[in-house]
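Trainee: Show me the folded form of this:
(2 chains)
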Amino acid sequence: MVGQLILRGFIIGIVAGLLAFGWAKTFGEPAVNIAIHFESAQDEAKAAAAVAAGKPAPPEDPVIFSRTVQSGIGLLTGMVAAGAGLGCLFAVLFAFANGRMGNLASGPTSVLLAFYGLISVYLVPALKYPPNPPSVGEPATIKYRTGLYFLMMAISIASTLGALRLRRSLVPRYGTWNGSLLALGAYLVVIAAFFVILPGINEVPATFPAVTLWNFRLASLGIQTVLWGSIGIIFGYVGAQVMASHPQSR
Amino acid sequence: MATDETSAVTSASDLALKVAIPIKEIMPWAIFGVVIMAVAYYFVGAEQGATSIFSGMSIHEFVHDARHLLGFPCH
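Mentor: As a prediction, this is how the structure comes out:
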């Protein structure tokens, strides 16, 4: 039965990836293109300055894929692959959670899981290390930045799981409302502590247009919301169907 | 019909427990699902950036826009 859920999660993830692609194309690409123009202008200025100083111009980045490919089939592939992977993971989470979230039915379980997932896997890491458009970010620090980003993601996921566990043990003693709020409070303290402890990263060039940066980050949030949201909602229907087709077989 | 409804009401609270899939049935699939997720996220989010399995930049450049827009560190 879990295999059935995963196969469906995979397909739903592909659909979610297509929807996310639509959002990315409409709201993300304009900001990406402005950022790339900004980057080219910076590079040209640097090259001109080098030539003026009598030095050889720095080599240009080789073009492997055209912008049309990157913003079309490349973007589509990335979104669909991420969606498919996410869909498989989501099916596993659903298999664990369904029937273990109090009296919650399959549909609400699925949507609540997607909400937790969006916050833990994307939103909290992004609040500490926000997504950046092209031309923001030093190539020399990519390992450092990637390491910190995935570390923050791991901390965030672990904190959510920890808080849910804590809630489970607090609710019998303090009641649903108070127990839940206590667990939420503990979660926020842990997240805030890591926000303070972990080093910040700001590599946005001083002259980078603020509106473009804002639009880019908002588009990124929108894409992730579409991705998790559509998986959560569609899986709510499909997961419930799979569960209903195996009545009390366990 | 009436009895069906009553039984549905009485079993509503333990329905959740009945519906839950046993953990040991999920575990092998869980590993499978997490691996697929990790591979997909790795290739979209990090390959040929911080670490490389394949040399060159073609995977990085191909998924370039998706990597930026999904919020992964890039460049």
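
Trainee: Now for A:Thr109, how many residues are close by?
Mentor: 26 (other Cβ atoms under 10 Å in any protein chain shown). All C-beta spots, glycine's among them, are computed from the backbone N, C-alpha and C.

Trainee: Give me the pLDDT value at the residue nearest to the spatial centre of chain B.
Mentor: Taking Cα atoms, centre = their mean, the centroid of chain B lies closest to B:Met37, which sits 5.3 Å from it. Looking at B:Met37, its pLDDT reads 93.

Trainee: so where does it fall, helix or strand?
Mentor: According to DSSP states H and E, B:Met37 maps onto helix B:23-45.

Trainee: hang on, the earlier thing: what's the burial count for the nearest residue to the residue nearest to the centre of chain B once chain neighbours are set aside?
Mentor: Using Cβ to Cβ, 6 or more residues apart in numbering or on different chains and skipping the chain neighbours, the partner closest in space to B:Met37 is A:Leu89 (3.7 Å). Neighbours of A:Leu89 under the rule other Cβ under 10 Å: 25.

Trainee: who's in contact with residue 32?
Mentor: You didn't pick a chain, so chain A it is. Taking Cβ atoms under 8 Å, 6 or more residues apart in numbering or on different chains, we find A:Val32 in contact with A:71, A:133-134, A:216, B:65, B:68-69.

Trainee: Hmm, no, I was thinking of chain B.
Mentor: If a contact means Cβ under 8 Å, 6+ apart, then B:Phe32 has A:6, A:88 as its contacts.

Trainee: pLDDT at it, what is it?
Mentor: 93.

Trainee: again, but for A:Phe208
Mentor: At A:Phe208, pLDDT is 93.

Trainee: what about it, distance to A:Ala35?
Mentor: 8 Å (Cβ to Cβ, to the nearest Å).

Trainee: hmm, back to that, wait, isn't the residue nearest to B:Met37 in contact with B:Ile31?
Mentor: No: using Cβ atoms under 8 Å, A:Leu89 makes no contact with B:Ile31, being 11.4 Å away.

Trainee: Top of the contacts of A:Val32 by number of neighbours, please.
Mentor: B:Leu69 (31 neighbours).

Trainee: Can you tell me the closest non-neighbouring residue to that residue?
Mentor: Excluding its sequence neighbours, the residue lying closest to B:Leu69 (Cβ to Cβ, 6+ apart) is A:Gly28, at 4.5 Å.

Trainee: Can you get me a residue count around that neighbour?
Mentor: If you count neighbours by other Cβ under 10 Å, A:Gly28 ends up with 28.

Trainee: contacting residues for it?
Mentor: Per Cβ under 8 Å, 6+ apart, neighbours of A:Gly28: A:216, A:219-220, A:222-223, B:65, B:69.

Trainee: Apply 10 Å and report the result again.
Mentor: Shown in contact with A:Gly28 (Cβ atoms under 10 Å, 6 or more residues apart in numbering or on different chains): A:20-21, A:71, A:75, A:131, A:133, A:215-216, A:218-220, A:222-223, B:65-66, B:68-70.

Trainee: Out of those, name the ones that lie in helices.
Mentor: Among the contacts of A:Gly28, the residues falling in helices (DSSP state H) are A:20-21, A:75, A:215-216, A:218-220, A:222-223, B:65-66, B:68-70.

Trainee: rewinding a little: show me what counts as buried in the helix or strand that contains the residue nearest to B:Met37.
Mentor: Element membership for A:Leu89 (DSSP H and E) is helix A:75-97. Within helix A:75-97, the residues that count as buried by 16 or more other Cβ atoms under 10 Å in any protein chain shown are A:75-97.

Trainee: now swap in stretch A:3-18 and tell me
Mentor: A:4-6, A:8-10, A:12-13, A:15-17.

Trainee: repeat for stretch A:56-70
Mentor: For stretch A:56-70, the buried set under the neighbour-count rule, 16+ other Cβ under 10 Å, comprises A:65, A:69-70.

Trainee: Can you lay out these as CSV showing pLDDT and distance to A:Ala41?
Mentor: Below are these laid out as CSV (pLDDT from 0 to 100; distance: Cβ to Cβ, whole Å):
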residue, pLDDT, distance to A:Ala41
A:Phe65, 90, 21
A:Val69, 91, 22
A:Gln70, 92, 19
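
Trainee: near chain B, which of these show up?
Mentor: Restricting the buried residues of stretch A:56-70 to those near chain B by Cβ under 10 Å from any Cβ of the partner chain leaves A:65, A:69-70.

Trainee: May I see the residues you listed organised as CSV, with distance to A:Ala183 added?
Mentor: Supplementary listing: these in CSV, determined by distance: Cβ to Cβ, whole Å:
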residue, distance to A:Ala183
A:Phe65, 46
A:Val69, 47
A:Gln70, 43
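
Trainee: quick check, nearest of those residues to A:Ser180?
Mentor: Relative to A:Ser180, the closest of those is A:Gln70; by Cβ to Cβ it sits at 44.3 Å.

Trainee: farthest-separated two in the contacts of A:Val32?
Mentor: Pairwise over the contacts of A:Val32, using Cβ to Cβ, the maximum falls at A:Ser71 and A:Phe216, 13.6 Å.

Trainee: Many thanks, have a good one.
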